[in-house]
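Student: Structure of the sequence below:
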Amino acid sequence: MDTPMHAINESSLMQGNATGDGQVLGLPLNWVETHRASSLLIAFGCCVIATLLSVYNIVQHLAHYS
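Tutor: Predicted structure coming up:
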């Protein structure tokens, strides 16, 4: 017995509607798709900043033990 799988409404995940004006983290989806290289660069920059903040937090935490 195969149970039907429900399709995921991608527009609802991207905060959009049936007109296609979705958003990805506040940026218009059409901009993200058109400027793919810039979008990846922004995402990479956010990852680097998050990593640096995590390392700084770990160093500050370990400084209390020494």
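Student: Can I get stretch 37-50 as CSV, trimmed to CA atoms?
Tutor: Listed in CSV are the C-alpha atoms of stretch 37-50, where the atom choice follows Å, rounded to 0.1, in the frame of the first residue of the first chain:
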residue,chain,number,x,y,z
ALA,A,37,27.1,34.9,-7.2
SER,A,38,26.3,37.9,-5.0
SER,A,39,23.9,35.8,-3.0
LEU,A,40,26.5,33.1,-2.4
LEU,A,41,29.1,35.8,-1.5
ILE,A,42,26.7,37.3,1.1
ALA,A,43,25.9,33.8,2.5
PHE,A,44,29.7,33.0,2.7
GLY,A,45,30.3,36.4,4.5
CYS,A,46,27.6,35.6,7.0
CYS,A,47,29.1,32.2,7.6
VAL,A,48,32.5,33.7,8.2
ILE,A,49,31.1,36.3,10.6
ALA,A,50,29.2,33.6,12.5
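Student: quick one: contacts of it?
Tutor: Contacts made with stretch 37-50 from outside it, assessed by C-beta atoms under 8 Å, 6 or more residues apart in numbering, are listed as 27, 31-32. (Glycine included, C-beta is placed from N, CA and C.)
Student: That stretch: which residues count as buried?
Tutor: Buried residues in stretch 37-50, defined by neighbour count with 16 or more other C-beta atoms under 10 Å: Ser39.
Student: Show me which helix runs longest in the protein.
Tutor: If you go by DSSP state H, the chain has its longest helix at helix 36-63.
Student: in the protein, what spans have low per-residue confidence?
Tutor: Per-residue confidence of the chain (counting by pLDDT under 70) places the weak regions at 1-21.
Student: rewinding a little: please narrow the contacts of stretch 37-50 to those residing in strands.
Tutor: Of the positions in those, Leu27 sit in strands, assigned by DSSP state E.
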